[in-house]
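>>> below is the sequence, then the predicted model.
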Amino acid sequence: MHKTKIDVNPDFGNWINEHTKTRLQFFIGLLLVIACQFVGASPATTVTDIAMVDTRFNLIPTLHYIAAKPEQTLADIQSLDDESWQVSRQEHRNFGHNQRVIWFRTQLKKSYPLDAPIFLRVDYPHHDYIDLYLQQGDQTLAHFEAGDERSFSSRPIEHRTFLAPVEIPTGEVVDVYLRIQTSGLMMVPIELITQVEAVKDESVLLLFVGLYFGVIIIMLIYNTFIYTSLRDSTYLYYLMYVAAVAAQQFTLFGFGFQYLWLEPAVVSNNFMIMFTSGLMETSAVLFVIKFIRLRRMRSQFDRTAGYSLLAGSLAMLCASFFMNFATFITVVNILGLVGVGCGLYIGVKGWLMGFKAARLFATAWFIYLMFIGWYLLDSMGVIDSTTYGTYAIAIGSAIELSLLSFAFADRMNQEKELRLHTQNTLINVQRAMNEDLDSKVKQRTRALEEANRKLEYLSTTDGLTGL
């Protein structure tokens, strides 16, 4: 047997060793980077060139953030080391309800002069306090503030959301610090946006808002005419519900604080959110109780659940005057979810019992339940937050109110058919009674005539002789 001898080239072996070392160094470096992420090490801040923004730029992936105490100032935040900051690794916009004060930081530069201004926008209208600082070292180039706990006129641009111009020296790197404090949802869609794109976004929103409130106004006018003609109190409760939904959405869109209650010292925006939410849920429960005739047609369990829900809604309406905003929003969201679920249960039960209008009624509450679930998952950060998720309740309420209006029409038709059927039945009964009475009258007439003949015979005949 011959053995084959393999000669190994020393240079080739050295190349393999060097290649292996390079691969090991790469994997070791990768592991170190991953380990640094887990121990909280913060990489260098990304510098964003605002001159490269064509339409909009999402700043969230470039941000570092830290939860702070309300009393901590900009100087306190600047003195923190890099390891204290966390990196926003996702493009999410939702920090949930857990944090009350969050500072964000990033770096911006402008490589060449711009023809049109660039704005920093926080596209959510319900933060209590917002402060934006443009810093160059220890020098503050600009400080802008907003929030619905401050006067609306304090905003750099009188807009329903926070919109501030970013004016920095050409060729310089500027530190940006953004402080947000809120007692509600910490929704932070932070972006750089051009003036043209900001105007376009607002135009699209106003178109949607116009369509939404157009539907609301049409339903109010239409059902007002029906109420004035029929005087059915169910329509009055429905009108109250529609008006409450419109008031709540007007507030949630940010137009209430922009156009009506501009000074929080007079009327707080947080109070109006709580009050309109409590009013909406109370009017919804009253409408459902009246629509399904809970007092007369339902079981004891249904009546207990319905009136318990009404008591809870009235309690929340009263609590809007003194309860903490964060607690109120949590409780009212849970109560609203339970209420919509009860509406769906009642609709399905009525559907199974043969009540035709219950089909649309159940469909309306089922769709509304889906949109409320979408909004709650979005607000809790369970799913990726989007603009559509923020306005999910508005979309769901428009569909729900429209379907409930159709359910009203269906119920009217059913009641009309029932009245016609009852009227025909009464006519038939009356006709039968009349025929029976006519037959009896004829019988009595014949009997009376026979009696009269006998009486005449007796009166003209002698009983003894028969003459």
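Right, received. Where do you want to start?
>>> what is the neighbour count of V266?
Using other C-beta atoms under 10 Å, V266 has 7 neighbouring residues. Placement of C-beta: from N, CA and C, glycine included.
>>> swap that for M187, please
Neighbour tally, M187, other C-beta under 10 Å: 23.
>>> test my guess that it contacts N94.
Yes - counting by C-beta atoms under 8 Å, M187 touches N94, with 5.6 Å between them.
>>> am I right that Y124 sits in a helix?
No - read with DSSP: H, G, I helix; E, B strand; the rest coil, Y124 is coil and lies in no helix.
>>> got phi/psi on the nearest residue to it once chain neighbours are set aside?
In space, and not counting its chain neighbours, Y124 is closest to M187: 4.3 Å by C-beta to C-beta, 6 or more residues apart in numbering. Dihedral angles of M187 (phi, psi; degrees, to the nearest 10) stand at phi -100, psi 120.
>>> ditto for F321
The phi/psi pair for F321 (degrees, to the nearest 10) is phi -80, psi -20.
>>> show me what contacts it?
271, 275 (C-beta atoms under 8 Å, 6 or more residues apart in numbering).
>>> so it versus F57, what's the distance?
As for F321, its distance to F57 is 43 Å (criterion: C-beta to C-beta, to the nearest Å).
>>> which non-adjacent residue is nearest the residue nearest the centre of the chain?
For the chain, I393 is the residue whose C-alpha lies nearest the centre (C-alpha atoms, centre = their mean; 2.6 Å). With C-beta to C-beta, 6+ apart as the criterion, I393 has its nearest non-adjacent residue at 5.1 Å, and that residue is Y375.
>>> and the one you found, what is it in contact with?
389-390, 392-393, 396.
>>> closest one of these to Y65?
T390 (20.2 Å; C-beta to C-beta).
>>> give the contact list for that closest one.
Contacts of T390 (C-beta under 8 Å, 6+ apart): 124, 187, 375, 378.
>>> what about S299, how many residues nearby?
10.
>>> help me confirm that F119 is found in a strand?
Yes - judged by three-state DSSP, F119 forms part of a strand.
>>> OK, contacts around it?
157, 163-166, 192-195, 198.
>>> make TSV from the contacts of T390 and add distance to L455 and pLDDT to it.
Shown next, in TSV, are the contacts of T390 (distance: C-beta to C-beta, whole Å; pLDDT from 0 to 100):
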residue	distance to L455	pLDDT
Y124	102	90
M187	102	84
Y375	91	78
D378	97	72
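>>> nearest to V204, of those?
Closest to V204, out of all of these and judged by C-beta to C-beta, is Y124, at 16.5 Å.
>>> mind checking how far that closest one is from V266?
For Y124 relative to V266 (C-beta to C-beta), the value is 23 Å.
>>> and the furthest pair within the contacts of T390?
Y124 and Y375 (13.7 Å).
>>> can you give me the helices for the stretch 351-467 of the chain?
Here the stretch 351-467 of the chain has its helices, by DSSP state H, counting those that start in this stretch, at 357-379, 387-390, 392-460.
>>> kindly report the same for the stretch 51-200 of the chain.
74-78, 195-230.
>>> make a markdown table out of these and add mean neighbour count.
Formatted as a markdown table, the helices of the stretch 51-200 of the chain follow (neighbours: other C-beta atoms under 10 Å):
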| stretch | mean neighbour count |
| --- | --- |
| helix 74-78 | 13 |
| helix 195-230 | 14 |
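>>> which one of those lies nearest to W261?
helix 195-230 (18.2 Å).
>>> what residues are up against G343?
284, 288, 361, 365, 368.
>>> 10 Å instead?
By C-beta atoms under 10 Å, 6 or more residues apart in numbering, the contact list for G343 reads 284-285, 287-288, 291-292, 306, 309, 361-362, 364-366, 368-369, 400, 404.
>>> also Q249?
209, 212-213, 216, 255-256, 276, 280, 391, 393-394, 397-398.
>>> can you pull the pLDDT of it?
Per-residue pLDDT puts Q249 at 92.
>>> secondary structure element for it?
If you go by DSSP states H and E, Q249 is part of helix 233-252.
>>> what angle do that helix and helix 195-230 make?
170 degrees (axes from the mean of the first three to the mean of the last three C-alpha atoms, to 10 degrees).
>>> gap between helix 233-252 and the chain center?
Helix 233-252 sits 15 Å away from the centroid of its parent chain (C-alpha atoms, centre = their mean, to the nearest Å).
>>> check which element follows that helix along the chain.
helix 255-259.
>>> which residues touch that next one?
125-126, 148, 152, 155, 158-161, 206, 209, 213, 247-251, 262-264, 267-270, 272-273, 276.
>>> for the chain, where's the lowest mean pLDDT among helices and strands?
One helix or strand of the chain scores below all others by mean pLDDT, DSSP states H and E: helix 10-39, with a mean of 42.
>>> need the next SSE after that helix, C-terminal direction.
strand 47-49.
>>> which one of the helices of the stretch 351-467 of the chain has the lowest average pLDDT?
The lowest average pLDDT among the helices of the stretch 351-467 of the chain, as it happens, falls on helix 387-390, at a mean of 69.
>>> quick one: contacts for the residue lying closest to A142 once chain neighbours are set aside?
In this structure, A142 finds its nearest non-sequential neighbour in L134, 4.4 Å apart by C-beta to C-beta, 6+ apart. By C-beta under 10 Å, 6+ apart, the contact list for L134 reads 108, 120, 140-144, 164-168, 174-177.
>>> how about 8 Å then?
140-143, 166-168, 174-176.
>>> closest to W85 out of those?
Once C-beta to C-beta is applied, the member of the contacts of L134 that ends up nearest W85 is D175, at 12.3 Å.
>>> surely the closest one meets Q135?
Yes - at 4.3 Å, D175 and Q135 qualify as touching, with contact defined as C-beta under 8 Å.
>>> near the closest residue to Q86 other than its chain neighbours, how many other residues are there?
Take Q86 and drop its neighbours on the chain: the residue closest to it by C-beta to C-beta, 6+ apart is Y65, 5.7 Å away. When neighbours are defined as other C-beta under 10 Å, Y65 has 20 of them.
>>> run the angle between the host helix or strand of V338 and helix 357-379 for me.
Here V338, judged by DSSP H and E, is contained in helix 325-352. Between the axes of helix 325-352 and helix 357-379, defined by the same axes, to 10 degrees, the angle is 150 degrees.
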